[in-house]
Structure formats: C-alpha cells, structure tokens
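Student: Whatever this is, show me its structure:
(chains A and B)
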Amino acid sequence: MSQTNSGPAILVEGLVKSFGEVRALRGIDLSVPRGTVLGVLGPNGAGKTTMVRILTTLLLPDGGQAWVEGRDVVREAAAVRRCIGLSGQSAAIQEELTGKENLEIVGRLYHLGKQRARTRATELLVQFGLADAADRTAKTYSGGMQRRLDLAASLVGEPRVLFLDEPTTGLDPRSRMGMWDMIRSLAAGGTTLLLTTQYLDEADELADEIVVIDQGLVIAAGTAEELKSRVGGDVLEFTVPDRTRIADAVTAVAKVGEAEPHMDAETGVVSVGVGGRGSEALIEAVRVLDGAAVETRGLALRRPSLDDVFMALTGHAAEDTGEQGKRRGRRRGRGKDRAQDSGWAGDEERADEKDTARAAS
Amino acid sequence: MTAIAIPLAEPGPLTQARWAVSDTLTITRRNLLVWIRVPAYIAFTVIQPVIFVLMFRYVFGGAINVPGVPGGYVNFLIPGIIAQTAAFATFGTAIALAAELQKGVIDRLRSMPMARSAVLAGRLTADTIRMTVTILIVLGVGYAVGFRFQNGFWPAVGMIVLAIVFGVAICCIAAFTGLAIGDEESVQAFGLIWLFPLVFLSSAFVPIDTMPGWLQAFANNQPVTYVVDTMRALALGGPVWDNFWKSALWLIGIFVVFAPLAVRAYKRAS
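Tutor: Okay, here's the model as predicted:
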C-alpha cells in the first residue's frame, strides 16, 4: 500500500488494541485527507490517546493497520517519525531549560545542524508569542505558555502531519482561545492535523471532519453540521431566575416542544427540542410563558451543540463514563490522569464537566 | 512554511551511526545543563556526600576502631564513602527517567526521528560524568581531612575507575527501576530504598567483624563489600585479586541482567 503522493495523510483500518482486560480500541477505521483537520471526539478513556500513540509509533497495535503519509506505522516506523509531530496532553518540555534551549535541543535531535536549529527555535518562539520569554526557564512560564512551547517543539521538524492529543486540556479559557488561534493558523498553512479532544466546542471550532469515539469504536463521523443534524432540529433554551417557577415553565413549554423539555434545577436552565418549527415555536413559547406569568431570561433558539449530539449518540454525557477508572489502572494512564487531576489542570476542567453535564441533562 | 523538510528516505548506516553518537551527545549535554541549573540537584550530589565525609570523619570516626589500617579510620573511610557516593548518585538517574516518562518527554523523543538508543545512552553518559565529578570532590574533601593514598598512583586511579564502573552498574538498575515504576514520587519514596541496607550493611563505613554474626553473614557476601574491599586494597595496599574477581563477577552480572532490562523498559515505557 503506497499513497505517498496522493491518498489520505492518515489511513486507519480495523485498529485493535487491548491492555489486559481493557479493550481500548475495538476496530477503528478512519481516513484523513491531506491538509484537513480531523477532530477525534470522545470522553476520557474512549481510546483517543491509545490511537494517537499507535499512529505516532509509540505503541504497537494488536491488530489492524495504519498508514501516515503512506508509511506503515509498524513496518516503516522510522519513516513515519520523519513526517509527524506530536504534542501530548501535558507539556513535554524540560522546565529547567529556557524556551530557546528546549527548542534548540529538539532541533539538534532532528539533525538540523547547530545554526539551523538556532534560527528555527527563534522563528518558532516568535510565531508562538514566546520571544520575550525565550531566555527564561520554562518553569517560570504559565500553563498556557508551556503548552505553546510544547506545540512549538512538535513543529521544529516541520511535520506534514501533526497529532495533537487534547491540546487544551487543563488550560484556562483565555489560553485555550490562544491555542485555538495557533491551531487554526497551522491548519491554514496546510498541515494535516489530527486533534483529539473531549471538548465538544473545540472539535466544532477547529475540525473539518469529526469522528466520535466511544469505548474503542467510531460511533459517528461527519462534519459538525452533519452530526448536529442527527439530533434533529433546533433547541429552545432559556433560564428561569426564580427557581420555584421552573416546574411551571416546563409545563408551559411542554406543549411547544417536540420532545420532553430538559431542566436543570440548579442553574434554572430549561431546554426543549422544537424540530424544524424554529421561529414559530419561539413566538409560541413567548406567548405561553407570558400566559403562565413566568419570568425568563435569555430565551433563544439555538442550533444543537455537539453536547446534544453526544447525548443522542451514546445516551450518556461526554465526560461521564465508567472507563476512566479502568484506564487509571493501566501503567501509562496513571501519570497522565494524575497530572490532569491535580494542579493547574483542575479547576477549568471541572467547570467544563459541569457545563457538559448541564447541557446534556 | 520554509522547506527544510526532513527527507523521508532511510538514511544510510553510516549516517545513522553518526546520528546515534551526536544524539547521545545532545541528550548528555541537555541532562548536564539541567543538573547544573537545579540547586537542589547540586546540593544532593555534592553537599550531601561532603557532609557524610565530615560526619564520619569527626563525629562517628572517633568511636570506630580499625586496627591494622595504615593512617587510621580516615583512610578506611574514604574508599567506602566514595562507593556510597557512586551508588547514591544513581538516585538521580531513576528520578529523572521517571519524571521524563511521566511528563511525556520520553514520548516526545520516541516520536522523533532520532536514534532510539540516545535517550538511555545520553542519560548514562551524563550521569557518569556527574558521578565522576562527585567522586573527585569527595576525594578532595577526603584529602583535606587527612586521607592519603598509600599504594601509589595507578592503583589509586584503579580505585576511582572501579568506583565509577560500580556506579554505572547500579545506574543500570536505577534506570530500569525508574522506567518500570514510571512515577517520580514513587521512585523518590521507595524506588531505591534497597540501596540503603546494601550500602550500610557492608564494609563501607565500619569493619564487618564488629557486626553481630548473622549480619556478618550477609555483609561478608554481598557485592558492595566486595567492591569496597577491592577499592580499599587498591588505595591502601593489601591483597586485591580475590575481592576483585568477586566484584567483577557481580558487576558483570548486574550489567548483563539490568542493562537489557532497562532497554526493554525504555522500549515498552508508556
């Protein structure tokens, strides 16, 4: 199989991998055309990282085949390594060294030569807004800066295919937006990107195509729009400031919706699917809520989010599966999960979990 | 994007060999740079052994009798402390590898088109250099507090070389331990805890015949004692070969078992 000059940048056929009892991948197929961004979406423990590790030659599959730039990831691993970049869930940089030193060392390991390694490091530091911090040790960097440095390090060898494993996990919202901009400009530059994420809005925002993975299987694939259309129609959503009136509001809009309304007693958010009746349903909702004398805020019609999609596809919220515990028992998972659970990864992630749970409930 | 594109074609064996060397040197330099950047590492590798020398020389030393050793306890002590220093220096190896594994640094390196042997080889090279520096510092402090080689120049060099080879052997065990455990804190807490009884229940600090009989049985037949006794004989004079062969067999055994284990742990790491 050779598709060095044409064909997809990444091709995966029937990929299988188990860790003892845990079947991390149960037959994954996917194809990523050159110069596009594939978002691999799934909850913790869905198998995303395992897949990335196989595609980046860090792990051998139990079954199936995969090619990156037409090279077999098992039999031509060395060739694959020459055309990929990897940026993982945590910043794989040496904190005791400066930003510049980190990148120069990576350049030397790509055999760029001393001078070229130096200029490449400078280029990347400028590109990633780290020029001012170039001579400071990475220890003094913020979480967002460390991740940008890590991303920069994955680009030293100018990879044709870049793997980003949860590039924004644990970042605060502002750093996350910054990261998204970086990723967008890489994609615009023609790099093929495979991006895993458990943030649904992230896949929506960055990916040309999305595959949804759950428990080691691709359960859906398509563009964000295609996936959303699976949920069927628009969602009417509003907040009831007076929590005691939520029940009244739900009763009122039940007549308007095509499905049972969802409500979150804690936040006062009520949502209901209204199918294709869009604005008609909106007007009707205003009327019935006014009739019931329920005060609302932020009444609006929205396109379904990928949170809704995930709920519709799997029957459970994106961040809520039993897999996490099993994964933690594995040798590799341990360190990473811990890194995520503690320290800087903590708050934002928890906040996001809540968001997702809310949106999906 | 500028076109420095890494060629996809497999480089020739000569280029690969050159890369293996240059990658090892790059990793070595990087590790040494990290070492000198962190005051805690310097403290651990330099100040701690010096404190050991001073403590045993001036605090415990007065109470320890070493009949028949030319120059008294300080001459008995320094070869033992040097062996201990070499052994404990390997903590750094285990902890660094575990941390790199945990943080994903090793993943990053393994996904790059560099020589795969370079991470371990560079780690070992850097740690050998670090160990040698520490040994020379301890030796210098030893000289300041009264230690003197009694057996001529070349045996003295032999003692230092043996200490380094011993340290590198323990380094292989430490590398394996660090990669197999793969968690910095665990490695720090108990990864090399077995080194303490091995080093302290040996002839490194006190003559074995002062220990109770059951302990002597262990202390007399373990590798650290063989190595320390050989070093002492090289430094101070006396029969070398019997202990030398036993040391050599042990060290070869450790290399043969743990070097491949460390390589395997590195390949599987993750």
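
Student: which ones are touching the residue most central in space within chain B?
Tutor: Geometric centre of chain B, nearest residue: B:Gly167, 2.7 Å, by C-alpha atoms, centre = their mean. Going by C-beta atoms under 8 Å, 6 or more residues apart in numbering or on different chains, B:Gly167 touches B:86-87, B:89-90, B:128, B:131, B:135. Placement of C-beta: from N, CA and C, glycine included.

Student: And for A:Gly291?
Tutor: A:Gly291 sits in contact with A:Ala252, where contact means C-beta under 8 Å, 6+ apart.

Student: Now do it against B:Val46, distance only.
Tutor: Distance of A:Gly291 to B:Val46, given as C-beta to C-beta, to the nearest Å: 81 Å.

Student: Report the buried residues of the one helix or strand the residue nearest to the centre of chain B maps to.
Tutor: Under the criterion of DSSP states H and E, B:Gly167 resides in helix B:153-181. Buried residues in helix B:153-181, counted by 16 or more other C-beta atoms under 10 Å in any protein chain shown: B:155-156, B:158-160, B:162-181.

Student: Near chain A, which residues of the stretch 101-250 of chain B are found?
Tutor: For the stretch 101-250 of chain B, the residues in contact with chain A (C-beta under 8 Å from any C-beta of the partner chain) are B:101-105, B:107-114, B:118, B:182-183.

Student: can I assume B:Pro197 sits in a helix?
Tutor: Yes: assessed by DSSP: H, G, I helix; E, B strand; the rest coil, B:Pro197 belongs to a helix.

Student: Pull the number of nearby residues for it.
Tutor: 13 (other C-beta atoms under 10 Å in any protein chain shown).

Student: Next: A:Leu125.
Tutor: Count around A:Leu125 with other C-beta under 10 Å applied: 23.

Student: same check, this time on A:Glu123
Tutor: For A:Glu123, the neighbour count with other C-beta under 10 Å is 16.

Student: and it, what element?
Tutor: helix A:114-127.

Student: how about that helix against chain B, any contact?
Tutor: Yes: Helix A:114-127 lies within reach of chain B by C-beta under 8 Å from any C-beta, at A:116, A:120.

Student: Mind listing residues that contact that helix?
Tutor: Contacts of helix A:114-127 (C-beta under 8 Å, 6+ apart): A:99-100, A:103-104, A:106-108, A:110, A:112, A:130-131, A:133-134, A:152, A:155-156, B:4.

Student: Show me the domain layout of chain A.
Tutor: Domain segmentation of chain A under automatic domain parsing yields A:10-228, A:233-303.

Student: chain center to the longest one: distance?
Tutor: If you compare the mean C-alpha spot of domain A:10-228 with that of the full chain, they lie 11 Å apart, counting by C-alpha atoms, centre = their mean, to the nearest Å.

Student: Quote the end-to-end distance of that domain.
Tutor: Using C-alpha to C-alpha, to the nearest Å, one end of domain A:10-228 lies 25 Å from the other.

Student: now swap in stretch B:193-209 and tell me
Tutor: Taking C-alpha to C-alpha, stretch B:193-209 runs 25 Å from one end to the other.

Student: centre of the chain versus it, how much separation?
Tutor: Worked out by C-alpha atoms, centre = their mean, stretch B:193-209 lies 16 Å from the chain centre.

Student: Mind listing what's buried along that stretch?
Tutor: B:195, B:198-199, B:201-208.

Student: Identify the farthest-apart pair in those.
Tutor: Within these, B:Leu195 and B:Pro207 form the most distant pair, 21.1 Å apart (C-beta to C-beta).

Student: so who does residue 160 touch?
Tutor: Just so you know, I chose chain A. Taking C-beta under 8 Å, 6+ apart, we find A:Arg160 in contact with A:9, A:69, A:83-84, A:191-192, B:5.

Student: wrong one, I was asking about chain B
Tutor: Counted by C-beta under 8 Å, 6+ apart, B:Ile160 has contacts B:82, B:135-136, B:139.

Student: quick one: which of the residues you listed has the most company?
Tutor: B:Ile82 (30 neighbours).
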